[in-house]
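K.L.:
Need coordinates for the below:
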Amino acid sequence: MRVVIDTNVLVSGLLSPYGPPSRIVHMIASGALTLCIDARIMTEYADVLGRQRFAFLREDIQTLLGQIKAAGLIVAAEPLQSALPDPGDEPFLEAALAGAAECLITGNLKDFPASARKGLAVLSPREFLDRYQKQRPARAKKHR
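P.N.:
Okay, the predicted model is just below:
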């Protein structure tokens, strides 16, 4: 399943071993989810994870980002036709649309107004996991 995760979900998932963001990070690490990414997203991940206040080890950050890049789907995104409230969020929506992602997962739903989504589902981590669990039996039947 192709998804885009906002940086806040990645950071939350790494800071706390419990809860929806952590489960999503584990799903990415296990290959259950494929991240749609571009250079702007990878740069933001690196910049934010490298902040001193998080105290992540540089080697761990490099390993994680290397895995994301190797397993992710690198997309060439086109600019949005309407701006988001925070221009820094635009690469995430652009990558989701370019990669035909099933959804964008974020802790800041208000930053992605429905009028700019082009029908893309923008979900909180909890909403995503609920949807994923409901779809899981249907996916298993398709693969039999």
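K.L.:
Now do the helices in the protein.
P.N.:
Ranges of helices in the chain, per DSSP state H, are 7-15, 20-30, 39-49, 58-71, 90-98, 125-142.
K.L.:
Output the below-cut-off pLDDT ranges for this protein.
P.N.:
137-144 (pLDDT under 70).
K.L.:
try it again with 50
P.N.:
143-144 (pLDDT under 50).
K.L.:
Distance check, L97 against C103.
P.N.:
To C103, L97 is 11 Å away according to C-beta to C-beta, to the nearest Å. The way it works is simple: take the backbone N, C-alpha and C, and place the C-beta from them, glycine included.
K.L.:
shared neighbours, these two?
P.N.:
L120 (C-beta atoms under 8 Å, 6 or more residues apart in numbering).
K.L.:
Name the residues linked to the closest residue to A100 other than its chain neighbours by a beta bridge.
P.N.:
Leaving aside its chain neighbours, A100 sits nearest to R2 (6.4 Å; criterion: C-beta to C-beta, 6 or more residues apart in numbering). Listed beta-bridge partners, R2: T34 (assigned using DSSP bridges).
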